[in-house]
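*Asks:* Coordinates for the following, if possible.
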Amino acid sequence: MQPSADSLHFGNYAGALLQWIEMQKTHDAVFCVVDLHAITVAQDPKTLADNTRKTAAQYIACGIDPEASTLFVQSHVRAHSELAWILNTFTSFGEASRMTQFKDKSTKQGSDNATVGLFTYPILQAADILLYDADVVPVGEDQRQHIELTRNLAERVNQRLGSTLVVPQVTIMESAAKIYDLQNPGSKMSKSGDSPQGILWLLDEPTVLAKKIKSSVTDTDNDVRFDPEQKPGISNLLSLLALSTQRTVEDVVGEFAGGGYGTLKTAVADAVVERLDPIRQRTQELLKDPGELDRILGAGAEKAEARANATLARVQHALGLLPRHR
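*Replies:* Sure thing, here's the model as predicted:
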């Protein structure tokens with residue numbers, strides 16, 4: 001995740017982090033705070049550094065275990081930038097131009113304001129993956145095209161240079177819960193949402209979380225049922241409650257069917273606060289000792305660097321780049 005906000009939100013937690021936490025129990029998992037991706041748009045330097053620590057702290061507070069997994073900051077491993085440059089030379093301009101996320105983001109920013117970094121960031125993303133010989137890449141549907149590019153580049157390198165890179169498999173996290181904006185339940189919860197009242201930040205105070213939930217947009221018929229098309233606001237609240245209490249949506253609907261919206265909103269607020277407040281408190285504990293947090297990230301970078309440098313050296317050798325004499 002990019003450290004482009006000072007807090008992750010419930011959509012990040014439900015859509016990715018919960019799956020990552022489970023996968024680290026069964027896989028040799030690599031987690032990265034992608035600060036180089038964040039600078040494809042202008043960032044305040046101090047804010048970027050602070051947000052990078054906050055993002056890493058939230059990973060840990062949510063359940064990512066730096067002892068069981070590899071957790072690091074992208075810019076701490078230089079091989080990411082070096083392999084990205086090499087992969088640039090294997091990527092056609094037309095291929096990069098077809099990336100739909102670039103089209104969407106450049107349209108919003110205006111083509112004159114979109115940077116070359118924004119244009120090529122899927123290639124950096126490919127390097128992020130290929131450096132670690134990843135077998136499985138768990139992503140949302142919106143990233144499928146980027147992972148297909150990663151696979152194509154790995155296959156192209158292997159065709160030209162021999163067996164050099166592992167071609168990863170795409171794992172679409174279709175079971176991941178989708179959490180929507182509280183004020184605009186037709187749109188996924190996002191840090192770029194139109195209203196700050198629609199976003200549940202993991203670092204929000206309990207009173208703030210409760211107020212946002214209790215003022216969320218619903219509808220007028222006061223019937224509690226799960227119907228994302230006709231009742232997106234209520235359906236979103238039911239999803240929040242189910243996820244926060246580790247129950248099924250059907251179970252939650254059965255409890256609140258026939259009740260009013262006020263009762264449901266109070267229950268959702270209580271459950272979300274109970275789920276998120278320990279994360280907020282643990283994050284604050286970690287941030288009170290930035291030296292220890294930096295030590296954890298430094299140790300993660302050393303683990304990551306050993307693997308990444310081996311892959312980079314393999315590619316460089318296959319390309320015929322002259323090794324530096326030591």
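
*Asks:* how close does Gly320 sit to Ile86?
*Replies:* Note on Gly320: its distance to Ile86, by C-beta to C-beta, to the nearest Å, is 12 Å. Every residue, glycine included, has its C-beta placed from N, CA and C.

*Asks:* Of the two, which one has the most company?
*Replies:* Ile86 (17 against 7; other C-beta atoms under 10 Å).

*Asks:* Strands of the chain, residue ranges please.
*Replies:* Applying DSSP state E to the chain gives strands spanning 30-33, 70-73, 136-139, 169-172.

*Asks:* Return the list of helices and strands in contact with the last one.
*Replies:* In terms of contacts (3 or more C-beta pairs under 8 Å, 6 or more residues apart in numbering; DSSP states H and E), strand 169-172 is packed against strand 136-139, helix 144-161.

*Asks:* got the ones you listed as a markdown table, with distance to Val116, mean pLDDT and mean neighbour count columns?
*Replies:* Output for the helices and strands packed on strand 169-172, formatted as a markdown table (distance: least, C-beta to C-beta, whole Å; pLDDT from 0 to 100; neighbours: other C-beta atoms under 10 Å):
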| stretch | distance to Val116 | mean pLDDT | mean neighbour count |
| --- | --- | --- | --- |
| strand 136-139 | 24 | 87 | 17 |
| helix 144-161 | 17 | 95 | 17 |
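
*Asks:* Need these in CSV (columns: distance to Pro228).
*Replies:* Below are these laid out as CSV (distance: least, C-beta to C-beta, whole Å):
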stretch, distance to Pro228
strand 136-139, 22
helix 144-161, 22
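
*Asks:* wait, which of these is closest to Gly198?
*Replies:* strand 136-139 (24.1 Å; C-beta to C-beta).

*Asks:* what's the closest one in contact with?
*Replies:* 16, 19-20, 23, 27, 129, 146-147, 150, 168-173 (C-beta atoms under 8 Å, 6 or more residues apart in numbering).

*Asks:* Stretch 310-326 too?
*Replies:* 79, 82-83, 86, 130-133, 157, 161-162, 164-165.

*Asks:* Ile64: which of those residues is nearest?
*Replies:* Tyr132 (15.7 Å).

*Asks:* Find the nearest non-adjacent residue to that closest one, please.
*Replies:* Leaving out its chain neighbours, the residue that sits closest to Tyr132 by C-beta to C-beta, 6 or more residues apart in numbering is Val30, at 5.0 Å.

*Asks:* quick one: the one you found and Thr70 touch, right?
*Replies:* Yes. Taking contacts as C-beta atoms under 8 Å, Val30 lies within contact range of Thr70: 4.6 Å.

*Asks:* Counting neighbours, what do you get for Pro278?
*Replies:* Pro278: 12 surrounding residues under other C-beta under 10 Å.

*Asks:* Return the distance of the residue nearest to it when sequence neighbours are not counted relative to Lys25.
*Replies:* Excluding its sequence neighbours, the residue lying closest to Pro278 (C-beta to C-beta, 6+ apart) is Ala61, at 7.8 Å. Ala61 sits 18 Å away from Lys25, taking C-beta to C-beta as the criterion.

*Asks:* These two: which is more packed in?
*Replies:* Ala61 (23 against 10).

*Asks:* and the angle from the worst-scoring helix or strand of the chain on mean pLDDT to helix 144-161?
*Replies:* None of the helices or strands of the chain scores lower by mean pLDDT, DSSP states H and E than helix 100-109, at a mean of 74. Here the directions of helix 100-109 and helix 144-161 differ by 130 degrees (axes from the mean of the first three to the mean of the last three C-alpha atoms, to 10 degrees).

*Asks:* longest helix in the chain, by residue count?
*Replies:* Among the segments of the chain that qualify as a helix by DSSP state H, the longest is helix 290-319.
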